[in-house]
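A.B. asks: this one's sequence-less:
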């Protein structure tokens, strides 16, 4: 007897429906074809034990299973439940006339219980698009799939539940999640708040500008000045995610298997990889490519602490994703593109000893040592960072001051207003939503300068010997400062403030 059941495979952040054809005939043998990997080939042992422990059995006949399309690589143990249901129906052990109207996925334990799987959200979106009635999956993943409206998602704890459902012995209630209600549960009391930071008003201003325009930022200062503390608080002032951004971000984390019994992600991600990370782990890849840290930080913040300690080749692979806001991973038989629109926040000490031009410093470094240390970061990478700012240690008077600083919620209100101005400005552009994403053509259109501003910028360019890319960065940052001031035009005061945020271009840092 031949029957068909349906599963799904995830490539990048998109899913492809897999038709599992099960044919049972006279003879003996178990033949699984259609480019399955080792985990799928081993499924026969898991399925046999799971069925036996629940009162069913693997038939002693010739079982041929084809996973179509046959030229597409299938991987992982998520097809266990799909194959088990196909075998049960094809062998006549259960009757399930409507099995082909559902997507069935799940990894089986030997006792028949189900383990969580990866990539549930893209699978659910594809199932809805292709008109499937519902989706059977492990209970741990059901909240993730239930985000998709119009698709019945059933969370299972054991293979017996789906058998009883199709046999009519019991009913299952689909999980229902109000996506909008789930999404708008935003936190007005973040774990890390700017009100905890003593002093550092100029750095907070810098962070506000970076958040308002989505600009990359690097913090340079001695140990203990507060660089990491400030960076951890940046997500608390970013505007709340839109529903589209939340879905994009949730899809990536779903593919990577990082969602633990969570529905829609409503907080912007903050990723902080260790400096020993490899370039594949940072940008994504592997034999069967998985998203890297830059994609996990999509629509959020990627924090690289102690930037010069990262291997140079690891930092250099970020150049193209920083410009294109996506990363393409190519293999011999396929190419996968992951989105990677993130804010880069980096921190570094100004020298190997951690102190710069400080006669009272406990550790001093020679100019040669400092030059060698700073040269670990290439000029092209620094050019892609819009804001460079020096962080100085907080004096004792500020540390001992009990006065409360401005909270993250108050700063976020100003940032959100500036982002709304940018959203309206770029509404006709599909891939541009804030100032940091502007192309050269858009910079010329939206950052027009008067004579005084032009003269000021010309002087700065000549004295600091800035590159054309740095010129664009200054204009983008000045446009954001003008938006925070609710100014329709970029003025000299906005240009002069933006020029201040190019510390590493000044003489005395990189020569």
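C.D. replies: Looks like it arrived, so ask away. Owing to the predicted nature of the structure, the values given are computational and were not obtained by experimental measurement. Numbers count the residues shown, from 1 in each chain.
A.B. asks: which stretches in the stretch 401-511 of the chain count as helices?
C.D. replies: 408-425, 440-446, 451-464, 468-484, 492-500 (DSSP state H, counting those that start in this stretch).
A.B. asks: export those to TSV and tack on mean neighbour count, distance to residue 84 and mean pLDDT?
C.D. replies: C-beta: built from backbone N, CA, C; applies to glycine. As requested, the helices of the stretch 401-511 of the chain are arranged in TSV below (neighbours: other CB atoms under 10 Å; distance: least, CB to CB, whole Å; pLDDT from 0 to 100):
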stretch	mean neighbour count	distance to residue 84	mean pLDDT
helix 408-425	18	48	93
helix 440-446	13	54	91
helix 451-464	14	67	89
helix 468-484	23	55	91
helix 492-500	20	62	92
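A.B. asks: pipe the ones you listed into TSV and attach distance to residue 305 per row.
C.D. replies: Formatted as TSV, these follow (distance: least, CB to CB, whole Å):
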stretch	distance to residue 305
helix 408-425	20
helix 440-446	31
helix 451-464	27
helix 468-484	22
helix 492-500	24
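A.B. asks: which among these is found nearest to residue 192?
C.D. replies: For the helices of the stretch 401-511 of the chain, the distance to residue 192 is smallest for helix 408-425, at 7.9 Å, taking CB to CB.
A.B. asks: so how far is the closest one off the chain centroid?
C.D. replies: Taking CA atoms, centre = their mean, to the nearest Å, one finds helix 408-425 lying 22 Å from the centre of the chain it belongs to.
A.B. asks: what's next to that helix, contact-wise?
C.D. replies: 188, 190, 192-195, 204, 208, 211-213, 233, 236-240, 433-435, 446, 480, 483-484, 486 (CB atoms under 8 Å, 6 or more residues apart in numbering).
A.B. asks: any idea of the angle it forms with helix 468-484?
C.D. replies: Counting by axes from the mean of the first three to the mean of the last three CA atoms, to 10 degrees, helix 408-425 lies at 110 degrees to helix 468-484.
A.B. asks: list the contacts of the nearest residue to residue 151 once chain neighbours are set aside.
C.D. replies: Nearest residue to residue 151 in three dimensions, chain neighbours excluded: residue 128, at 4.6 Å (CB to CB, 6 or more residues apart in numbering). Residue 128 makes contacts with 148, 149, 150, 151, as judged by CB under 8 Å, 6+ apart.
A.B. asks: check which residues of stretch 139-159 are buried.
C.D. replies: Residues 139-148, 151-156, 158-159 are the ones in stretch 139-159 that count as buried (16 or more other CB atoms under 10 Å).
A.B. asks: which ones among the residues you listed lie within strands?
C.D. replies: Within the buried residues of stretch 139-159, residues falling in strands by DSSP state E are 152, 153, 154, 155, 156.
A.B. asks: what about residue 114, which SS state?
C.D. replies: Secondary structure state of residue 114, per DSSP: H, G, I helix; E, B strand; the rest coil, is strand.
A.B. asks: my guess is it contacts residue 162. True?
C.D. replies: No - at 9.3 Å, residue 114 does not count as touching residue 162 under the criterion of CB atoms under 8 Å.
A.B. asks: what do those two both touch?
C.D. replies: Joint contacts of residue 114 and residue 162 (CB under 8 Å, 6+ apart) are 81, 156.
A.B. asks: tell me the centre residue of this structure?
C.D. replies: Nearest to the geometric centre of the chain sits residue 296, at 2.6 Å (CA atoms, centre = their mean).
A.B. asks: what about the residue lying closest to it once chain neighbours are set aside, neighbour count?
C.D. replies: Leaving aside its sequence neighbours, residue 296 sits nearest to residue 271 (CB to CB, 6+ apart; 5.3 Å). Neighbours of residue 271 under the rule other CB atoms under 10 Å: 18.
A.B. asks: beta partners of residue 271?
C.D. replies: With DSSP bridges applied, residue 271 shows beta-bridge pairing to residue 302.
A.B. asks: residue 6: what secondary structure?
C.D. replies: On the three-state scheme (three-state DSSP), residue 6 is labelled strand.
A.B. asks: surely it touches residue 15?
C.D. replies: No - Residue 6 is beyond contact range of residue 15, at 11.4 Å (criterion: CB under 8 Å).
A.B. asks: so for those two, which sits in the more crowded spot?
C.D. replies: residue 15 (25 against 22).
A.B. asks: which residues are in contact with the helix or strand containing that one?
C.D. replies: Assigned by DSSP states H and E, residue 15 belongs to strand 14-25. For strand 14-25, contacts defined as CB under 8 Å, 6+ apart pick out 1-10, 59, 61-69, 72, 74, 79, 82-83, 86-87, 89-91, 103, 119, 122-123, 125-127, 130.
A.B. asks: of these, grab the buried ones for ChimeraX.
C.D. replies: Here is the ChimeraX command that selects the buried residues among the contacts of strand 14-25 (16+ other CB under 10 Å):
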select :3,5,6,7,8,9,10,59,63,64,65,66,67,74,79,82,83,86,87,89,90,91,103,119,122,123,125,126,127
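A.B. asks: the contacts of strand 14-25 in strands, which ones?
C.D. replies: Those of these lying in strands (DSSP E): 2-10, 62-68, 103.
A.B. asks: all strands of the stretch 301-450 of the chain, in order?
C.D. replies: Taking DSSP state E, counting those that start in this stretch as the test, the strands found in the stretch 301-450 of the chain are 301-304, 326-330, 335-339, 343-348, 387-390.
A.B. asks: do the stretch 151-300 of the chain as well
C.D. replies: 152-156, 217-220, 270-271, 284-285, 290-291.
A.B. asks: could you dump those into JSON lines and include mean pLDDT and distance to residue 30?
C.D. replies: Formatted as JSON lines, the strands of the stretch 151-300 of the chain follow (pLDDT from 0 to 100; distance: least, CB to CB, whole Å):
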{"stretch": "strand 152-156", "mean pLDDT": "96", "distance to residue 30": "24"}
{"stretch": "strand 217-220", "mean pLDDT": "92", "distance to residue 30": "57"}
{"stretch": "strand 270-271", "mean pLDDT": "94", "distance to residue 30": "43"}
{"stretch": "strand 284-285", "mean pLDDT": "88", "distance to residue 30": "34"}
{"stretch": "strand 290-291", "mean pLDDT": "91", "distance to residue 30": "30"}
